[in-house]
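Asks: below: sequence and its predicted model.
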Amino acid sequence: MRFAAKRCGVQFSPPSIVLIYEHTETKKVRKRIIPVRNFSKYSDYSMAAERLKNNPRHRDYLEGVSQSQLEKLHIILRDHMQGFSLEHSLSSFCLDPDEDLNKLDDEDLARKKGQMDELFEKNRRRKDDPDFVYDLEVDFTKTTLDKCSWDDESDDGF
């Protein structure tokens, strides 16, 4: 690998991926602007990211950039084309425990599940970990549940 990716970003006009990379032999830091062609607000972000990563012209530069990072950058570009703000796009990548996942479409739900899987794998404890404890028991504090009015009325012989 002759190039080490340092930072990635997007440029909205014209739609482009901006890559800051370091040439490993000369240690020079450079900026490469990769135009995103044939991408509209209706395009599939995962296919576009895969096409860009496999492009022979950019393959060497994007070798150190993960597929998920390129997908996130394409999602930001697509959201901008649809008229959403940058804050809205960035907030869609955060996991909110109070968010109702039943209201999401299939594409967003798959993305959220992928984020949850990544978080799970990051926090997972394996047998080889130095802080692994077998058969760990944890007491969770029990919160008192508030009584609802319908709880009192439903005691009809049950």
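Replies: Received it, and whenever you're ready, just let me know what you need. Numbering: from 1, shown residues only.
Asks: ok, the spatially most central residue of the chain - contacts?
Replies: The centroid of the chain falls nearest to residue 93 when counting by C-alpha atoms, centre = their mean (5.1 Å). Under the criterion of C-beta atoms under 8 Å, 6 or more residues apart in numbering, the contact list for residue 93 reads 72, 115. The C-beta positions use only the backbone N, C-alpha and C, and glycine is treated the same way.
Asks: for the chain, which segments count as strands?
Replies: Under the criterion DSSP state E, the chain contains strands at 3-11, 16-23, 29-35.
Asks: for residue 126, find the nearest of the ones you listed.
Replies: strand 3-11 (28.6 Å; C-beta to C-beta).
Asks: please put the alpha-carbon coordinates of stretch 104-122 into CSV.
Replies: Extracted C-alpha coordinates of stretch 104-122, given in CSV (Å, rounded to 0.1, in the frame of the first residue of the first chain):
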residue,chain,number,x,y,z
LEU,A,104,-38.0,3.2,9.8
ASP,A,105,-37.9,2.0,6.3
ASP,A,106,-36.0,-1.2,5.4
GLU,A,107,-32.9,0.6,4.3
ASP,A,108,-32.5,2.8,7.4
LEU,A,109,-33.4,-0.2,9.6
ALA,A,110,-30.7,-2.3,8.1
ARG,A,111,-28.2,0.5,8.6
LYS,A,112,-29.2,0.9,12.3
LYS,A,113,-28.9,-2.8,12.8
GLY,A,114,-25.5,-2.8,11.3
GLN,A,115,-24.4,0.0,13.6
MET,A,116,-25.8,-2.0,16.6
ASP,A,117,-23.8,-5.1,15.4
GLU,A,118,-20.6,-3.0,15.2
LEU,A,119,-21.2,-1.6,18.7
PHE,A,120,-21.9,-5.1,20.1
GLU,A,121,-18.7,-6.5,18.6
LYS,A,122,-16.7,-3.6,19.9
